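Asks: Model the structure of this input:
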Amino acid sequence: MNKLLTTAALAGIVAIASTGAMAEEAASKKVQCAGIAKAGQNSCKSLDGSHSCAGAAKKDNDPNEWTYAASKEECEKAGGKIVEVTM
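Replies: Numbers count the residues shown, from 1 in each chain. Below you'll find the predicted structure:
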């Protein structure tokens, strides 16, 4: 019984670790996309330096505000452009 319990526990740990790695890999493929953020839903500071806070966008699709998109294609399809913002 102890061997079965140990095996099950190890299998659970492996499953959790691999799920976390997959989520991290998916997040790392996201791109920073300007011009698609909705008001109050930008990811971080503005491109023009007018603020340095997430959630501070005042209007939808402001070209100075950015958020993450799943891919370059998704960003461009939504009318945005890829930017590199250092945080």
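Asks: from here on, contacts and neighbour counts on C-alpha atoms
Replies: Noted.
Asks: after the worst-scoring helix or strand of the chain on mean pLDDT, next one along is what?
Replies: When each helix and strand of the chain is scored by mean pLDDT, DSSP states H and E, helix 2-28 comes last, with a mean of 54. For helix 2-28, the succeeding helix or strand toward the C-terminus, using DSSP states H and E, is strand 31-34.
Asks: hey, C-alpha coordinates of that next one in PDB?
Replies: Taking C-alpha atoms only, strand 31-34 is exported to PDB below (Å, rounded to 0.1, in the frame of the first residue of the first chain):
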ATOM      1  CA  VAL A  31       4.200  39.400 -27.500                       C
ATOM      2  CA  GLN A  32       3.900  43.000 -26.300                       C
ATOM      3  CA  CYS A  33       1.300  44.600 -28.600                       C
ATOM      4  CA  ALA A  34       0.600  48.400 -28.800                       C
END
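Asks: partners of the following helix or strand past it, with directions?
Replies: Note on strand 31-34: by DSSP H and E, the next helix or strand toward the C-terminus is strand 66-69. Note on strand 66-69: by DSSP bridges, its sheet partners are strand 31-34 (antiparallel).
Asks: List the contacts of the partner strand.
Replies: 61-72, 75, 80-85 (Cα atoms under 8 Å, 6 or more residues apart in numbering).
Asks: do stretch 43-50 as well
Replies: 51-55, 57, 64-68, 85, 87.
Asks: and with 7 Å instead?
Replies: For stretch 43-50, contacts defined as Cα atoms under 7 Å, 6 or more residues apart in numbering pick out H51, S52, C53, A54, G55, N64, E65, W66, T67, Y68.
Asks: All good on my end, thank you.
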